[in-house]
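Undergrad: any chance you could fold what I've pasted below:
(chains A and B)
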Amino acid sequence: MSANTATTTSIRELIRPEVFPSTMCPGCGHGILMGAILRAVDELGWDMRRMLFVSGIGCAGWIPSPHFAADTLHTTHGRPVAFATGAALFNPDLRVVVIGGDGDIAAIGGNHLIHAARRNVHMTVICANNQIYGMTGGQVTPTTDIGTITATTPKGNEEPPFDLCRLVEGAGASFVARWSVYHIRPLIRTLKDAFQHAGFAFVEVLSPCPTQWGRRNQLADPVALLERYKDLCVPQDRAAKMSAEELAGKVVVGRFR
Amino acid sequence: MPEIVINREWCKGCYICVNVCPRHVLEVDQESFDHGIHPVVAARPDDCTVCRQCELLCPDLAISVSGEGAGTPAAEARAEPAPGPAPRPLPAGWTTVASPLPTGRYFLQGDEACAEGAIAAGCNFYAGYPITPASEIMERICARFADLPGRRVFIQMEDEIGSIGACIGAAWAGAKAMTATSGPGISLMVENLGYAIITETPLVIVDVQRAGPSTGQATRPGQGDYMQVRWGAHGDYEIIVLSPWSVGEMYTETIRAFNLAERFRVPVILLADEGVGHLRENLTIPPEVRIFNRIGPSDHEPPFGGRPVPPMPVFGEGHRLLVTGSTHDEWGYRRTSSAKAQAELTARLCAKITDSLDEILASETYLCDDDGLDLLLVSFGFTARSALGAARMAREAGYRAGLFRPRTVWPFPAEALRAVATKSARVLVAEMNRGQMLREVQRVVPDARGYGKTDGEVIAPGEIWAAAKEWLR
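TA: Purely as a prediction, here's the structure:
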C-alpha cells in the first residue's frame, strides 16, 4: 500500500479552501458528511470538474455550495431533485449528486424525490437527516421521532416519522442505503457505490444537530450526540436476527437495495 | 512517526476528535485560548496508530493524519483527463438556420405553432405538466422531438414546480429549455421564475391563459394573468412578456421569446390565451429562421457581473460554477448580508432590460394614419383581433378609429403608445379581465377607459364597438 498522504491535503484539492472555516455550527454532523462525500470522490479518483452538486435550502444545502470546487446548483427549497433531473437528462456525462436535508428532501421536496426514484433518473440523492429544521430555528420535520422536543412541538412530537429508505424503495429506487455519520467508513464505501450506481441512488445519512436538536433534548454535547448512534443504529444483518421488541426504537442501517 | 496536522483556523472546538481517539492522542489545551476556543493539541503523537478516526469524524476538515498504516488507499491523483466541451447552443450570437419544418403553408392550431416556433428557435429540452388549454404544446413537442435529430429531451414532470425546475437545471447544462402551462401552473411556477431571474437563466415559459381565478374555467379564455406574469414572483425585478394574437405569431413570437431569453439571459414569458392557443388558421413557415444563442465566457470572465448581460458558462466544462438563488457576487458566492451586493445585483437585473428597450419592445398600430383620431383602441392577444374589427366598424360609422397592439406587453411600450395616443381624443382598452392593462395604459393616458369582460367568453368586435359608440356619442 502506498503511504497515505494526509487525506485532508488530498481532499483540499476538492474544496474551495478560501471559504473555510465552514458556516456550520461546532459539532455539526453535516460537516462530517461533507468530509465523507469528498473522501468518496477522492478515493474514486474522480475529477470534481465532471461533477454537479445540486442542493436546496437549509443547512444541508450549504454542504456543497460554496465549499466544493465543482459545479454547484443551489436551488430553491425542496426543488434540487427536480433541477437535477433536468441537468442529468440533458447531459448524461455529468455526475449528478443532490444533497439536501430532511426538510428539503422529505417535506417540501418529497414529491420530486419519489418521482425521481420512480423514473430511476441517474443521480445520487443524499439526505442529510438531522430530524430538525436547523437554519430556521429548530422546528419539527417529517423525520422527527415521536416525543422529540422542537420549537413547534414543545410538548413532544406526536406525528410518526417517515422511514425514508422504505419510502424511496417503495417508489422504485434501485439503490437504497442508510448510515449515520458515526459509521464513517461504511458511509464512505456506500457513497462510492452510490456514485457509481447507474441509476437513482438514495443514501440517507443520520446527522447530529447539537444546536437545534441537541439543546432541546438534553444532548447538546457533540460527542454524546454522535456516539448516540452507536446504540441507536443496528446493522441490517444483525437486525435480521432480532425480535420486533428488540428492534423497537432502533434504526436499521446498511444497504437495503 | 505519524504526523498529525491540526488546522486551528478551521477548528470550532467540538472536541469530537479528542473523544473518538482510541489511544487518547489528542487533548484540549486548557491553558490557551485561540479565536474563542481552547485549541486541540496532539499530546501523545507516538501513541497514534493512524486509524484516522479523528480525521474522518472532524466536521471541519481540520485534522489530517499521515504515516505508515493509514487504512484508506490514496486517491489515484485525479487520474481523469480534464473535461471537454459540454453541449451548449452553437454558434453563439445571431445566426440564420434552416427551418426544421419544411417551408410552406400550414393549417395549424396556435399551440402547435408555438411548439414549431420553439423547435425552430433551437429548443432541445421541454419539461411540462398537463393542463388545459396548453397541453397540445407539450404533445406536439413530445411527438416532434422523437423524430428530430440531435440531443433533445422531453419529460413530463410530476408538477409545474418540477417542470420549471428541470428546465432551469437543463438550461445550465446547456439546453434551450421551454415549458408551457396555464394560470394554475403559472401560480406554481412563480417560485422558480424568481430563481431563473436571479440566476439569469434563459428560459421560455408559455402561459395559455384561461378564465380564473384558481381552477376557474379550464376550457374558457381569459386574460387575467396580465399582472401576475409581471409581478407574480416576490422581490424586485424586470421581466419580458410577449403576447401573440394569431397562429402565425404563436410561431414567430415563440422564436422571439427564445432569442430574447438567450440574448438577455432571462426567463421570457409568452402570454397567450385559450382563444389564440386553440385557434386554427393558416401560417407560412419561412425557409430560414434568425436565432440568437447565448454568449459563452472567454477567459476568466465572471458569470454574474462585469457586464450588463454576463456571458453564460455551462455545467461540465470545468468552470466550477456557483449558481445560487441567494444574493451573490459576480462569481456566484453568496452575499446574504451585503447591502452593496443586493443593491448591485437587483439594479443590474433590472437595468439589463430597461436599458435595452429598443431591442425588446414591439408594438403595432392599425388604421392610425390620420393626423388625429376620434378613438384609439388598445388591446393585446386574441382580444386585439376583435378590437381591430371594432375599429373597422367605427370607421364604417364615420369615425377616425385605430388600434394600438403591444406585442411586448412587459415592459409596457409606453412611448410607442404615447406617440399615437396623443393624437387621439379617446383611448379605450379592451381586454378579457377587469382592467389590468388599463392601469398600465392610464399611466400614459390618465383618462383612458376600459372595456373588460370576465365571463369566459371571447370579446366580440360588436361589443367593443358598442362600448366605444356610447363614448363617442
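Undergrad: all the strands of chain A, residue numbers only.
TA: A:51-55, A:71-74, A:95-101, A:123-129, A:175-180, A:200-206, A:233-235, A:251-255 (DSSP state E).
Undergrad: out of these, which gets nearest to chain B?
TA: strand A:71-74 (3.8 Å; Cβ to the nearest Cβ). (Each C-beta comes from the backbone N, C-alpha and C, glycine too.)
Undergrad: adding distance to B:Arg44, mean neighbour count and mean pLDDT, write the strands of chain A out as a markdown table.
TA: Shown next, in a markdown table, are the strands of chain A (distance: least, Cβ to Cβ, whole Å; neighbours: other Cβ atoms under 10 Å in any protein chain shown; pLDDT from 0 to 100):
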| stretch | distance to B:Arg44 | mean neighbour count | mean pLDDT |
| --- | --- | --- | --- |
| strand A:51-55 | 38 | 28 | 98 |
| strand A:71-74 | 40 | 28 | 98 |
| strand A:95-101 | 36 | 29 | 98 |
| strand A:123-129 | 34 | 28 | 98 |
| strand A:175-180 | 28 | 25 | 98 |
| strand A:200-206 | 32 | 28 | 98 |
| strand A:233-235 | 30 | 17 | 98 |
| strand A:251-255 | 32 | 20 | 98 |
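Undergrad: could the ones you listed be laid out in CSV, adding distance to chain B?
TA: Listed next are the strands of chain A as CSV, based on distance: least, Cβ to the nearest Cβ, whole Å:
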stretch, distance to chain B
strand A:51-55, 5
strand A:71-74, 4
strand A:95-101, 9
strand A:123-129, 10
strand A:175-180, 11
strand A:200-206, 13
strand A:233-235, 15
strand A:251-255, 16
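Undergrad: mind putting those in TSV, distance to B:Arg434 included?
TA: Listed next are these as TSV, based on distance: least, Cβ to Cβ, whole Å:
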stretch	distance to B:Arg434
strand A:51-55	41
strand A:71-74	40
strand A:95-101	42
strand A:123-129	45
strand A:175-180	52
strand A:200-206	47
strand A:233-235	60
strand A:251-255	56
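Undergrad: from the centre of chain B, point out the most distant residue.
TA: B:Asp46 (59.9 Å; Cα atoms, centre = their mean).
Undergrad: just confirm it is within a helix.
TA: Yes: the assignment for B:Asp46 (DSSP: H, G, I helix; E, B strand; the rest coil) places it in a helix.
Undergrad: quick check: closest non-adjacent residue to it.
TA: B:Met1 (6.6 Å; Cβ to Cβ, 6 or more residues apart in numbering or on different chains).
Undergrad: same question for B:Glu9.
TA: A:Pro21 (6.5 Å).
Undergrad: over to B:Lys453?
TA: B:Ile459 (5.3 Å).
Undergrad: per-residue pLDDT, the residue nearest to B:Leu279 when sequence neighbours are not counted?
TA: Spatial nearest neighbour of B:Leu279, excluding adjacent residues (Cβ to Cβ, 6+ apart): B:Gly110 at 4.9 Å. B:Gly110 is assigned a predicted lDDT (pLDDT) of 98.
Undergrad: so which of the strands of chain A comes closest to B:Leu260?
TA: Checking the strands of chain A against B:Leu260 by Cβ to Cβ gives strand A:71-74 as the closest, at 23.5 Å.
Undergrad: neighbouring strands of the closest one in the sheet, and parallel or not?
TA: strand A:51-55 (parallel), strand B:322-324 (parallel) (DSSP bridges).
Undergrad: which among the strands of chain A is found nearest to B:Ile37?
TA: strand A:123-129 (24.4 Å).
Undergrad: which helices and strands sit right next to the closest one?
TA: helix A:29-44, helix A:80-90, strand A:95-101, helix A:102, helix A:110-119, helix A:164-170, helix A:184-196, strand A:200-206 (3 or more Cβ pairs under 8 Å, 6 or more residues apart in numbering or on different chains; DSSP states H and E).
Undergrad: circling back to that earlier point, possible to save the strands paired with strand A:71-74 as CSV with distance to B:Asp455?
TA: Converted to CSV, the strands paired with strand A:71-74 look like this (distance: least, Cβ to Cβ, whole Å):
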stretch, distance to B:Asp455
strand A:51-55, 45
strand B:322-324, 44
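Undergrad: what mean pLDDT does stretch B:294-309 have?
TA: Mean predicted confidence for stretch B:294-309 is 92.
Undergrad: in which helix or strand does B:Val5 reside?
TA: If you go by DSSP states H and E, B:Val5 is part of strand B:3-6.
Undergrad: break down the stretch 1-150 of chain B into its strands, ranges please.
TA: In the stretch 1-150 of chain B, the strands defined using DSSP state E, counting those that start in this stretch lie at B:3-6, B:26-28, B:40-42, B:63-66, B:93-98, B:104-109, B:125-128.
Undergrad: chain A is nearest to which of those?
TA: Using Cβ to the nearest Cβ, the strands of the stretch 1-150 of chain B put strand B:63-66 closest to chain A, at 3.3 Å.
Undergrad: so what are the domain limits for chain B?
TA: B:3-66, B:93-293, B:361-472 (automatic domain parsing).
Undergrad: now do the longest one: distance to the chain's middle.
TA: Its chain's C-alpha centre and that of domain B:93-293 lie 10 Å apart, by Cα atoms, centre = their mean, to the nearest Å.
Undergrad: excluding chain neighbours, what is closest to B:Phe145?
TA: B:Arg152 (4.3 Å).
Undergrad: I figured that neighbour was touching B:Gly122, is that so?
TA: No: using Cβ atoms under 8 Å, B:Arg152 is not in contact with B:Gly122, being 10.2 Å away.
Undergrad: the two: who's more crowded?
TA: B:Gly122 (22 against 18; other Cβ atoms under 10 Å in any protein chain shown).
Undergrad: can you pull the contacts of the residue nearest to that one when sequence neighbours are not counted?
TA: Spatial nearest neighbour of B:Gly122, chain neighbours left out: B:Lys176 (4.8 Å); criterion: Cβ to Cβ, 6+ apart. Contact analysis of B:Lys176 by Cβ atoms under 8 Å, 6 or more residues apart in numbering or on different chains lists B:89, B:121-125, B:202, B:258, B:262, B:293.
Undergrad: swap in 10 Å and give it another go.
TA: Taking Cβ atoms under 10 Å, 6 or more residues apart in numbering or on different chains, we find B:Lys176 in contact with B:88-89, B:118, B:121-126, B:167, B:170, B:202-204, B:258, B:261-262, B:291, B:293-294.
Undergrad: same thing with B:Glu249?
TA: B:Glu249 sits next to B:110, B:113-114, B:117, B:242-243, B:256, B:270, B:272, B:276, B:283, B:381, B:407 when contact means Cβ under 10 Å, 6+ apart.
Undergrad: just the ones of the residues you listed in helices?
TA: Within those, residues falling in helices by DSSP state H are B:110, B:113-114, B:117, B:256, B:276.
Undergrad: quick one: which of the residues you listed is the most crowded by neighbours?
TA: Busiest of these [other Cβ under 10 Å] is B:Cys114, holding 33 neighbours.
Undergrad: what's the neighbour count on the residue nearest to that residue when sequence neighbours are not counted?
TA: Distances taken as Cβ to Cβ, 6+ apart put B:Met250 closest to B:Cys114, at 4.4 Å, once the chain neighbours are dropped. By other Cβ under 10 Å, the residues close to B:Met250 number 30.
Undergrad: please report phi then psi for B:Met250.
TA: phi -60, psi -30 (degrees, to the nearest 10).
Undergrad: didn't it look like it was pressed against B:Gln109?
TA: Yes: counting by Cβ atoms under 10 Å, B:Met250 touches B:Gln109, with 8.6 Å between them.
Undergrad: returning to that earlier point: what comes into contact with the strand holding B:Val5?
TA: Here strand B:3-6 has contacts from A:6, A:8-9, B:17, B:21, B:25-26, B:39-42, B:44-45, B:48, B:50, B:52, B:54-55, B:58, B:62-67, using Cβ under 10 Å, 6+ apart.
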